[in-house]
Structures are given as structure tokens and as C-alpha cells.
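A.B. asks: Next input, structure requested:
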Amino acid sequence: MINHSKKDIILAPYHPTYGEQTVSMWRESKERALGQKEIHTFENHLHFLNHVLYKQYVIEIALLNDKVVGMIVYNQNEINQLYIHVDYQGFGIGNALLHKAKAQSERLTLYTFEVNTNAQRFYEKHGFTINGRGHENEENLPDLLYEWVDEERA
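C.D. replies: Here you go, the predicted model:
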């Protein structure tokens with residue numbers, strides 16, 4: 001990988017012109033984290049991003065030289081998705097995206113898969129605690145419900 005400065009990363013509101021790049025990055029990152037192939041087709045994933053998530057949530061993307069290297073999907077209560085390109089994990093992109101969601105909320109919840117231990121470490125490092133367990137997801141995999149509370153504002 002070519003070294004880039006954090007200053008080279010731009011956080012921007014998502015626009016559908018970045019849809020295919022975003023879905024490609026999302027799928028690759030998720031497949032790596034879960035160790036299994038995505039269950040939805042690329043086209044269905046793109047439709048979900050542009051016609052469901054885009055209307056219901058704030059979506060921010062991280063760009064490096066106009067290449068999508070991360071995304072977060074959130075509202076005032078929850079983080080629905082947070083994925084970083086597999087080649088750019090550990091460079092602070094997730095921190096920056098997570099900060100955007102935390103800045104507009106006093107309390108956030110999110111789910112992550114139990115097999116995704118990297119995500120668990122990341123969220124716990126940022127003050128999230130496990131608040132529940134389940135497996136009510138399309139992948140039918142065990143997951144963890146995390147919660148973060150801003151003690152200063154709550």
C-alpha cells in the first residue's frame with residue numbers, strides 16, 4: 001500500500017455517484033470480517049444503499065483521491081453500517097467516521113457480528129459496551145448489541 005497522510009482523507013456526504021465504489025468496498029470489507037460471501041447480489045446491495053439507507057439515514061463516506069475507503073450510515077439513535085476498505089483499516093478512518101455520528105447524539109446503539117472481533121475491539125476502545133446478544137439478522141449469525149452513552153450530555 002502507498003502511504004498517505006490522514007490529511008489526504010476527505011469525509012463527505014454520500015452521493016449515489018459513489019454507489020458502485022461504496023458497495024464494492026462494503027462487500028469486500030464485510031466478507032473479510034465474516035469469513036463468508038455476501039448473501040445479496042451486488043445490484044440488490046446497491047439498491048438498498050441508494051433507495052433505503054439513503055432515504056432513512058445520514059451516510060458519510062471517506063475518500064482518498066476520489067476512491068471510497070470507508071462509510072458510515074447513522075441517525076441520532078443508531079449506527080446501521082460502518083465499514084472501512086480492507087487496505088485502509090487501522091489508519092484512523094473509522095475513528096473519524098465514528099466521531100461524526102457520536103457528535104450528533106447522546107446515545108448510540110449498533111450491532112456487530114460475534115465473529116468480527118476487530119469491530120468489537122474498535123467499538124469497545126471507543127466507549128461502547130455490550131448490551132445484548134442475538135442472531136436476528138439475515139446471515140443468521142450470532143451478533144452483539146453495543147451501546148454508547150455520552151455521559152457529559154446524557
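A.B. asks: Just give the number of residues close to Glu60.
C.D. replies: 19 (other Cβ atoms under 10 Å). All C-beta atoms are positioned from the backbone trio N, CA, C, and that covers glycine.
A.B. asks: so the closest residue in space to Asn116 that isn't next to it in sequence, which of the three states?
C.D. replies: Excluding its sequence neighbours, the residue lying closest to Asn116 (Cβ to Cβ, 6 or more residues apart in numbering) is Ala33, at 4.5 Å. Here Ala33 is helix, with the state taken from DSSP: H, G, I helix; E, B strand; the rest coil.
A.B. asks: So Ala33 is in contact with Thr117, correct?
C.D. replies: No - contact criterion Cβ atoms under 8 Å: Ala33 and Thr117 do not qualify, at 9.1 Å.
A.B. asks: Near Glu31, how many residues? Count them for me, please.
C.D. replies: Using other Cβ under 10 Å: Glu31 sits among 13 other residues.
A.B. asks: pLDDT value on it, please?
C.D. replies: pLDDT, Glu31: 87.
A.B. asks: so who does it touch?
C.D. replies: 37-38 (Cβ atoms under 8 Å, 6 or more residues apart in numbering).
A.B. asks: Look up how far Gln89 lies from it.
C.D. replies: Between Glu31 and Gln89 the computed distance is 14 Å (Cβ to Cβ, to the nearest Å).
A.B. asks: repeat for Leu49
C.D. replies: Taken as Cβ to Cβ, the span from Leu49 to Gln89 is 20 Å.
A.B. asks: neighbour-wise, which of the two wins?
C.D. replies: Leu49 (22 against 18).
A.B. asks: pretty sure that one belongs to a strand, no?
C.D. replies: No - counting by three-state DSSP, Leu49 falls outside a strand, being helix.
A.B. asks: which residues touch it?
C.D. replies: 19, 22-23, 26, 59.
A.B. asks: Point out the ones among the residues you listed that are inside helices.
C.D. replies: 19, 22-23, 26 (DSSP state H).
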